[in-house]
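[1] Generate a structure from the sequence data that follows.
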Amino acid sequence: MKTILGIRRSHQFSPNHIGNDSKIFNITAAELEKKGFAVRQMTEEEFYSTDDIQDDIIFSMIRSIENVNKLKQLEANGIKVINSGKGIENCFRANMTTLLLNNGIPYPKSYIISTEDNPKDAFDGLGSKNIWIKRGDFHTLHKEDIAFCRHCEEGEEILNEYAVRGIPNAVLSEHLWGDLVKFYAVKNTPFFYWFYPFDANHLMFGAQKPEHTSHFDFDISELRSIAEKAAAVLDVDIYGGDAIISKENKIQLIDVNDWPSFAPCRNEAGKHIADAIKLKVAN
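    Alright, predicted model coming up:
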């Protein structure tokens, strides 16, 4: 019997979603056991301190840079991993922004700058008084890691705070007006789920909260196609993200995450994630 190692996400990387992340992990493990696999489980901390990994495949929700590097080394040694270490790393904000923009994925105009730089050139380049400043080196861990600002001086203050916290870079993006849409998907399965998070009161931090949802028309198949292309660019199999639908019906991604919580659809998603892992084992 092939053995599968599942690695839970450390609580520090699940802001506001500790319970949700744990539930989708548990559902996935249970679905794999229904399929006849023996699932061994570890925390991120246990994975970091374990040298002898002999399992046939790893499914992982890890986020720490040290463990991402360990995953990449295990993959280099022939162990199959989903999501891949490189895919997890690609979803760190600055990496994601560079990859999506360089590969023609619809994404807001953005600049990546050092937190020690003056943001004036970036503000001038974006040509807007409504700018998002986001932590660049990692995912959002605190409310302050995403900030909306209206002038350059405010931007300087935010970057100074990032620098004091040891954050080396930031992504500055133009604000897109429109409806916020959240989506979840699993590669090589028919699963694709989307919804309006404002209508469902499903928002991570208040700073992201739109004033309302206008329900502008859009092509769901186009949203799915854009999401799948982004996932291919980022090399993630289990993923989710956020998009803005403009009043002109234009779709632009603003975020893609490796293995999100799937909170509103976790029971159905868990079955498809298990299918994707089983397919990975077979191939």
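[2] Next up, the contacts around Gln252.
    For Gln252, the set of contacting residues under the criterion of CB atoms under 8 Å, 6 or more residues apart in numbering consists of Pro106, Tyr107, Pro108, Leu176, Ala243, Ile244, Ser246. All C-beta atoms are positioned from the backbone trio N, CA, C, and that covers glycine.
[3] Quick check: closest non-adjacent residue to the first one.
    Distances taken as CB to CB, 6 or more residues apart in numbering put Gln252 closest to Pro106, at 4.3 Å, once the chain neighbours are dropped.
[4] quick one: secondary structure of the one you found?
    Three-state secondary structure (criterion: DSSP: H, G, I helix; E, B strand; the rest coil) places Gln252 in strand.
[5] And the pLDDT at it?
    Confidence at Gln252, expressed as pLDDT, is 98.
[6] again with Ile58
    Here the pLDDT value assigned to Ile58 is 97.
[7] Over to Leu203?
    Here, the pLDDT recorded for Leu203 equals 60.
[8] And Pro15, by the same measure?
    Pro15 is assigned a predicted lDDT (pLDDT) of 79.
[9] name the element the residue nearest to it when sequence neighbours are not counted belongs to?
    The shortest distance from Pro15 to any residue other than its chain neighbours is 5.7 Å, reached at Leu141 (CB to CB, 6+ apart). Assigned by DSSP states H and E, Leu141 falls within no helix or strand.
[10] what about Ala269, which helix or strand?
    helix 266-282.
[11] Show me which positions of that helix end up buried.
    Of the residues in helix 266-282, Arg266, Ala269, Gly270, Lys271, His272, Ile273, Ala274, Asp275, Ala276, Ile277, Lys278, Lys280 count as buried by neighbour count, 16 or more other CB atoms under 10 Å.
[12] got it, and stretch 95-103?
    Asn95, Met96, Thr97, Leu99, Leu100.
[13] buried sites along stretch 42-60?
    By neighbour count on 16+ other CB under 10 Å, the buried set for stretch 42-60 is Met42, Glu44, Phe47, Ile53, Asp55, Asp56, Ile57, Ile58, Phe59, Ser60.
[14] List the residues that contact the residue nearest to the fourth one when sequence neighbours are not counted.
    The shortest distance from Ile53 to any residue other than its chain neighbours is 5.9 Å, reached at Leu74 (CB to CB, 6+ apart). Listed by CB under 8 Å, 6+ apart, the contact set of Leu74 reads Ile53, Ile58, Val81, Gly85.
[15] do the same with Glu75
    By CB under 8 Å, 6+ apart, Glu75 lies in contact with Val81, Ser84, Gly85, Lys86.
[16] could you say which helix or strand contains Phe47?
    For Phe47, the element it lies in under DSSP H and E is helix 44-48.
[17] For that helix, name the packing helices and strands.
    If contacts are counted by 3 or more CB pairs under 8 Å, 6 or more residues apart in numbering; DSSP states H and E, helix 44-48 sits against helix 65-76.
[18] mean confidence for the helix it packs on?
    Summarised as a single mean, pLDDT over helix 65-76 is 95.
[19] Which strands and helices lie in contact with the following helix or strand past that helix?
    Reading on from helix 65-76 to the C-terminus, the next helix or strand found by DSSP H and E is strand 80-82. Counting contacts by 3+ CB pairs under 8 Å, 6+ apart, strand 80-82 is packed against strand 57-60, helix 65-76, helix 266-282.
[20] can you give me how far strand 80-82 is from the chain middle?
    Remark: strand 80-82 is offset 17 Å from the chain centroid, using CA atoms, centre = their mean, to the nearest Å.
[21] cool, and stretch 170-182?
    15 Å.
[22] Give the ranges of residues in the stretch 151-283 of the chain that sit below the confidence cut-off.
    Along the stretch 151-283 of the chain, segments meeting pLDDT under 70 span 201-211.
[23] now the strands for it?
    Listed in chain order, the strands of the stretch 151-283 of the chain (DSSP state E, counting those that start in this stretch) span residues 169-174, 179-186, 192-195, 238-245, 251-258.
[24] Send me the shortest one as CSV with only the CA atoms.
    If I follow you right, that is strand 192-195. C-alpha atoms of strand 192-195 as CSV (Å, rounded to 0.1, in the frame of the first residue of the first chain):
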residue,chain,number,x,y,z
PHE,A,192,-14.8,25.2,-9.6
TYR,A,193,-16.7,27.2,-7.0
TRP,A,194,-17.2,31.0,-6.9
PHE,A,195,-19.3,33.5,-4.9
